[in-house]
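> Build me a structure from this.
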Amino acid sequence: MINDIFSSLPLPQRDNKPRQKGITVLLDLGIGPFQQKDIIRTAGSYVDEAKIVASVAGLLPSDVLKEKAELYREAQINMFLGGNFFEFAYNKGLVEQYFKCIKNAGLSMIEISDTLIDIRRDEKNHIIRHAIDDYGFKVMGEVGKKLKKSSLEEMVDDINSCIEAGAEKVFLEAYDIFVEQDAERIIYGLGKKVSLNKIIFELPATIFHGIHDYDRYKIMRLLNDIFGTDFNVGNVNPDELLLLEMVRRGMRTDMLERK
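All right, here's what the predicted structure looks like:
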């Protein structure tokens with residue numbers, strides 16, 4: 001994406017894709033290919049991965065799902081399905097069938113989570129290794145719970161366990177950090193105990209009680225204030241992509257130092 005209109009202004013720059021840090025994960029609620037093309041044209045250079053939320057992929061026509069994957073692939077965006085779809089398959093005893101479906105869809109990345117169900121850690125690690133060794137998937141783990149709270153120590157142990165099993169990065173369930181928790185303490189604690197490049201902070205959905213758009217913006221600001229530009233963040237809505245990029249680069253007027 002090239003903008004030469006403002007080339008005479010010293011606008012803050014950031015690493016180009018492919019990036020290993022400062023990752024942005026788009027939340028895709030099943031948008032159609034035409035809207036997807038608009039998003040990619042407008043802000044695609046700022047997006048590294050796209051998550052098809054929950055089990056929405058199972059409701060899309062097969063040709064649409066494959067077209068979406070190809071559009072993202074052409075834009076250097078890795079598409080994968082939300083971990084809740086994996087949890088649905090696990091709960092039905094259909095993990096193997098789920099992996100085969102992902103493979104048949106032409107996807108190379110998968111998310112393994114247990115945010116709504118309980119999976120023993122050793123079993124979760126086995127599933128991660130199985131997905132890598134037997135299917136060739138790039139695995140993204142997820143830790144934390146949607147319906148109960150985890151301690152900082154539990155999250156750190158689960159993150160390290162996922163990484164040791166082979167997960168490339170680990171999502172942090174938003175509800176466990178940002179809803180009814182001392183978010184700043186937990187974020188600082190995670191930053192000290194695990195590699196920042198290995199974790200992706202999820203923004204909490206507005207369906208959570210008391211969460212509004214401004215709360216999501218405040219979290220972007222908080223992460224930027226604590227870690228600087230290169231924090232990894234997920235669950236970013238299409239209309240927040242440019243806002244997030246402005247936050248990363250310190251380009252909003254409420255972030256400027258007064259002269």
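> Can you list the neighbours in contact with stretch 194-202?
With contacts defined as Cβ atoms under 8 Å, 6 or more residues apart in numbering, stretch 194-202 is touched by 20-21, 23, 25, 140, 156, 159-160, 163, 169-174, 177, 187, 190, 219, 223, 227, 230-235. All C-beta atoms are positioned from the backbone trio N, CA, C, and that covers glycine.
> actually stretch 37-54, sorry about that
Here stretch 37-54 makes contact (Cβ under 8 Å, 6+ apart) with 1, 16-19, 23-31, 60, 65, 68, 71-72, 75, 77-82, 84-85, 109, 111, 234-235, 238, 241-242, 244-245.
> elements contacting the worst-scoring helix or strand of the chain on mean pLDDT?
Ranked by mean pLDDT, DSSP states H and E, the helix or strand of the chain with the weakest confidence is helix 174-178, at a mean of 87. Other helices and strands packing on helix 174-178, by 3 or more Cβ pairs under 8 Å, 6 or more residues apart in numbering; DSSP states H and E, are helix 183-193, strand 199-202.
> right, so the ones you listed: which one is the most enclosed?
Across those, averaging neighbours per residue (mean count of other Cβ atoms under 10 Å) puts strand 199-202 on top, at a mean of 24.
> Partner strands of that strand and their direction?
As defined by DSSP bridges, the strand partners of strand 199-202 come to strand 169-172 (parallel), strand 233-236 (parallel).
> any residues touching the first one, and which ones?
It stands for strand 169-172. Residues from elsewhere that reach strand 169-172 (Cβ under 8 Å, 6+ apart): 23, 83, 111, 113, 140-144, 155, 158-159, 162-163, 190, 197-202, 232, 234.
> let's go with 7 Å and repeat that
Strand 169-172 is contacted by residues 140-144, 155, 159, 162-163, 198-202, 232, 234 when judged by Cβ atoms under 7 Å, 6 or more residues apart in numbering.
> buried set for the one helix or strand Asn224 maps to?
Here Asn224, judged by DSSP states H and E, is contained in helix 213-227. For helix 213-227, the neighbour count (16 or more other Cβ atoms under 10 Å) marks 216-217, 219-220, 222-224, 227 as buried.
> what's the spacing between the most centrally placed residue in the chain and Ile5?
Nearest to the geometric centre of the chain sits Gly234, at 3.1 Å (Cα atoms, centre = their mean). Distance, Gly234 to Ile5, by Cβ to Cβ, to the nearest Å: 31 Å.
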